[in-house]
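> I'd like to go over a predicted model; first the sequence, then the structure.
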Amino acid sequence: MSKSQPYPKFSYDAHARTCAPDDFLGQVCRTVCGKPVSEDQIRMIREAIHNGLQLRPDDVLLDLACGNGSLSRELFRVCRSYLGVDISEYMISMAKWSFERQPTHVFAVQHGVEYVHQEGHPERFTRALCYAGFQYFSDPDAIDLLATLHKRFSHLERMFIGNLPDKECVTNFYIDRTPSEDELTDPSTAIGIWRTREAFAQLAEASGWQVAFTVMPPSFYAAHYRYDVVLTRKC
């Protein structure tokens, strides 16, 4: 049996440290061919998040894998309070420096799975977001995360999980080569784990969530290989 070919691994923390402190899009690789995406593209992301979360003025928002907070700041004005959590110390330092608004809109360094188990007042959260970050959770961590959110965060009504790579659309992205199964299921690559909608639905529904899939407009730069998900509690 032949061994699969090696493939590159990626660290967002290490990458972010190579970017200018104010290059927020570059730090989180929200780029095409190395150049930051246009404001029109960012606007589409904001609209998708707003539509998915349906934020209300009294909502308390949890943002998992929040990165440097550059997307998060757009949500501050439409929710009562906010907590952004990310494993990258450097990107959280950028978020604190640029966007934090103590004491109501804050950021913290912690792995998402560790955080949901350790949060002292999980019942305070009513909405949750994970944009372009869920694919970096392994299957066991993803199951643990979703199940713990459902069980401990009892007032969490709605969650938006965005920018997930669709395994059914791999060939739309990898035009010049065919990635191995190991690469497609490795959370430590630049893109993370590719999951079909069916596979994602199985993860979420087993944890007690109802799943609705959405897609970005065709003009979105990653619409041809990514999808979004809205989770709500099952009745």
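Sure thing, it's come through.
> where in this structure is pLDDT low?
Along the chain, segments meeting pLDDT under 70 span 1-4, 235.
> mind jotting down where the strands sit in the chain?
31-32, 35-36, 60-64, 81-86, 105-109, 127-131, 158-165, 209-214, 226-233 (DSSP state E).
> now do the buried residues in the last one.
So that's strand 226-233. By neighbour count on 16 or more other Cβ atoms under 10 Å, the buried set for strand 226-233 is Arg226, Tyr227, Asp228, Val229, Val230, Leu231. From N, CA and C alone the C-beta is placed, and that goes for glycine too.
> what of stretch 74-88?
Neighbour-count burial for stretch 74-88 flags 74-76, 79-88 (criterion: 16+ other Cβ under 10 Å).
> just stretch 120-140 next, same as before
122, 125-137.
> how many other residues sit next to the nearest residue to Leu25 once chain neighbours are set aside?
Leaving aside its chain neighbours, Leu25 sits nearest to Pro36 (3.8 Å; criterion: Cβ to Cβ, 6 or more residues apart in numbering). Residues near Pro36, counting by other Cβ atoms under 10 Å, number 15.
> ok, now the one 3 residues further on?
By the criterion of other Cβ under 10 Å, Glu39 has 8 neighbours.
> show me where this structure has helices.
12-16, 24-27, 39-53, 89-98, 112-118, 139-152, 170-173, 181-184, 197-206 (DSSP state H).
> could the ones you listed go into JSON lines alongside distance to Thr214?
Output for these, formatted as JSON lines (distance: least, Cβ to Cβ, whole Å):
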{"stretch": "helix 12-16", "distance to Thr214": "25"}
{"stretch": "helix 24-27", "distance to Thr214": "23"}
{"stretch": "helix 39-53", "distance to Thr214": "7"}
{"stretch": "helix 89-98", "distance to Thr214": "26"}
{"stretch": "helix 112-118", "distance to Thr214": "22"}
{"stretch": "helix 139-152", "distance to Thr214": "18"}
{"stretch": "helix 170-173", "distance to Thr214": "18"}
{"stretch": "helix 181-184", "distance to Thr214": "23"}
{"stretch": "helix 197-206", "distance to Thr214": "11"}
